[in-house]
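Chemist: here's my sequence, what's the structure:
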Amino acid sequence: MTSIRWWWRQPDHFDWLSAFLHVRRMATMTRSVLVAVTFCLAAVPFALLLGSAPPTATLQRTLSVLAGVGGLAGAVLWLHRFPTKNQSIVFAFTASFSIACAVLAQTDPLTAMLGCTTFATISGYIALFHTPALMVGNLVVVLAVTAVPAVALVATDGYVRTVTAYTVVLIGNIAVPYGVQIIVHTLGVDLLKADRDPLTGLYNRRAFYRRTAALATTGTGTGTLLVAMIDLDEFKRLNDTLGHNHGDLALAAVGRALRDSAPRGSVIGRAGGEEFLVAVDVGDSHPGSIGYGLCKAVEVLPFPTTASVGTACVDFRELLSGDGPYEVITTVIAAADAAMYEAKRSGGNRTRHYVGPMASRDGMTRHRTWSPTTRRWEALPIVGGPDPAPADHRHGLRDRDWSASW
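Modeler: Numbering: from 1, shown residues only. Down below sits the predicted model:
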């Protein structure tokens, strides 16, 4: 019972798995395969309608059309872009409904039983991306739909052949998703172990990329992503003066402080050494308030170190362009890193925000900057691609009226 309870409580896989596929540049291939498979399955009921022995009853013809239309709708969903988690759930049950309609539209019970084997494709999909509860819900649909042609098959082929056919369908719809679940769980455990920095408990750099990508791929695709690069000031002196044990304690304390002070929903990671990264969807919020808060959180720690913080922003639509957000995230981190070094050159214990141009897909560059008057992001004219520089917008930690300096 304990194992079943543990299995039942497994979380949804969609967010981390879709982000994993994007970071590994496999998202486009995954979409292509799903579009091809869904389109082929959607074509089957239309082909049967045009075949030599099409269904003649109005109900059966209607079910065939519903099956084909549902399948085409699913293919179009994946053709557009990688769906959100909720859209994926709708796709799964739309596909299951379409297969059920196609099965119930068949006049030959043996053909209908054969069609029930295609439920295994959507069973495997649900096991790959979603929860055990959705798997069980789909299995109930499979058992109920398969029972309809099975009853008709008994009259023509007897119990032995019927039970054999029903068992084949049942095994396929249990073995396939269960096998997929084992693989996904093993992958998830390995990723979880590999995702965390052992000293701070924060994400490592690789996991930070994947989780930041998930902010775009699992959301609405609108809004603004802010990335903050945090580097500890005088950390080498702390290590040399107090020893590496105190340095490790300071790093762990900084990790806790960043978790406590970062906005809800932030992705927080350790980039390496004394560098940390924070990514968050800021919407129309002032980026300076986030950088200031992170800087202040480190300053008040009981260690002789402060932080230089650099921030940079990019529109989420840029992350969703192309084959994946990996390159865009790298660019934003580089911009935040440049701003951080400008803060460090200015004395440290302060924050700078990068407002230079970000490269776009058409080769031009677009400036977006924050207006303290309208309290909204405003786009500047499209310009060419000169080398950008971090803006001289700093927030002294003892200057509480940070908004006035922007």
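Chemist: looks to me like residue 115 is in a strand.
Modeler: No - counting by DSSP: H, G, I helix; E, B strand; the rest coil, residue 115 is not found in a strand; it is helix.
Chemist: how far away is the closest residue to it other than its chain neighbours from residue 162?
Modeler: Of all residues not flanking residue 115 in the chain, residue 103 sits nearest, at 4.5 Å (Cβ to Cβ, 6 or more residues apart in numbering). For glycine as for every other residue, the C-beta is placed from the backbone atoms N, C-alpha and C. Distance, residue 103 to residue 162, by Cβ to Cβ, to the nearest Å: 15 Å.
Chemist: those two: which is more packed in?
Modeler: The residue with more neighbours, out of residue 103 and residue 162, is residue 103; 25 against 21, by other Cβ atoms under 10 Å.
Chemist: report the contact partners of the more buried one.
Modeler: For residue 103, the contact set (Cβ atoms under 8 Å, 6 or more residues apart in numbering) comprises 112, 115, 116, 145, 146, 148, 149.
Chemist: give the contact list for residue 178.
Modeler: So residue 178 contacts residue 127 (Cβ under 8 Å, 6+ apart).
Chemist: name the element it belongs to?
Modeler: Using DSSP states H and E, residue 178 maps to helix 132-195.
Chemist: likewise for residue 295?
Modeler: Taking DSSP H and E as the definition, residue 295 sits inside helix 287-299.
Chemist: give me the buried positions along that helix.
Modeler: 287, 288, 290, 291, 292, 293, 294, 295, 296, 297, 298 (16 or more other Cβ atoms under 10 Å).
Chemist: and the helix or strand following it, what other elements does it pack with?
Modeler: Using DSSP H and E, the next helix or strand after helix 287-299 towards the C-terminus is strand 306-315. When contacts are defined as 3 or more Cβ pairs under 8 Å, 6 or more residues apart in numbering; DSSP states H and E, strand 306-315 packs onto strand 224-233, helix 287-299, helix 326-345, strand 350-353.
Chemist: would you mind giving these as CSV with distance to residue 9 added?
Modeler: Below are the helices and strands packed on strand 306-315 laid out as CSV (distance: least, Cβ to Cβ, whole Å):
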stretch, distance to residue 9
strand 224-233, 31
helix 287-299, 34
helix 326-345, 32
strand 350-353, 41
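Chemist: so which of these gets nearest residue 57?
Modeler: Between residue 57 and the helices and strands packed on strand 306-315, the shortest gap by Cβ to Cβ is with helix 326-345, which sits at 52.7 Å.
Chemist: for the closest one, buried residues please.
Modeler: In helix 326-345, counting by 16+ other Cβ under 10 Å, buried: 326, 328-329, 331-333, 335-344.
Chemist: re earlier: so which of the helices and strands packed on strand 306-315 gets nearest residue 79?
Modeler: When the helices and strands packed on strand 306-315 are compared by Cβ to Cβ, helix 326-345 sits nearest residue 79, at 22.1 Å.
Chemist: that closest one vs strand 224-233, what angle?
Modeler: 40 degrees (axes from the mean of the first three to the mean of the last three Cα atoms, to 10 degrees).
Chemist: can you give the distance of helix 326-345 from its chain's centre?
Modeler: Centroid separation for helix 326-345 versus its chain: 23 Å, with Cα atoms, centre = their mean, to the nearest Å.
Chemist: if you average pLDDT over it, what comes out?
Modeler: When pLDDT is averaged over helix 326-345, the result is 88.
Chemist: what packs against that helix?
Modeler: Packing contacts for helix 326-345, counted by 3+ Cβ pairs under 8 Å, 6+ apart, involve helix 205-217, strand 224-233, strand 275-281, strand 306-315, helix 316-319, strand 350-353, strand 358-359.
Chemist: TSV for these, including mean neighbour count?
Modeler: Listed next are these as TSV, based on neighbours: other Cβ atoms under 10 Å:
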stretch	mean neighbour count
helix 205-217	23
strand 224-233	24
strand 275-281	23
strand 306-315	26
helix 316-319	20
strand 350-353	28
strand 358-359	18
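Chemist: now these in JSON lines, with distance to residue 54 and mean pLDDT?
Modeler: Output for those, formatted as JSON lines (distance: least, Cβ to Cβ, whole Å; pLDDT from 0 to 100):
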{"stretch": "helix 205-217", "distance to residue 54": "42", "mean pLDDT": "82"}
{"stretch": "strand 224-233", "distance to residue 54": "52", "mean pLDDT": "92"}
{"stretch": "strand 275-281", "distance to residue 54": "51", "mean pLDDT": "93"}
{"stretch": "strand 306-315", "distance to residue 54": "50", "mean pLDDT": "89"}
{"stretch": "helix 316-319", "distance to residue 54": "46", "mean pLDDT": "74"}
{"stretch": "strand 350-353", "distance to residue 54": "65", "mean pLDDT": "88"}
{"stretch": "strand 358-359", "distance to residue 54": "55", "mean pLDDT": "46"}
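Chemist: how about these, which one is nearest residue 11?
Modeler: Among the helices and strands packed on helix 326-345, the nearest to residue 11 by Cβ to Cβ is helix 205-217 (13.4 Å).
Chemist: tell me the angle the closest one makes with strand 306-315.
Modeler: Using the same axes, to 10 degrees: helix 205-217 against strand 306-315 is 40 degrees.
Chemist: list the helices and strands helix 205-217 packs on?
Modeler: Here helix 205-217 touches helix 14-23, helix 132-195, strand 224-233, strand 267-272, strand 275-281, helix 316-319, helix 326-345, going by 3+ Cβ pairs under 8 Å, 6+ apart.
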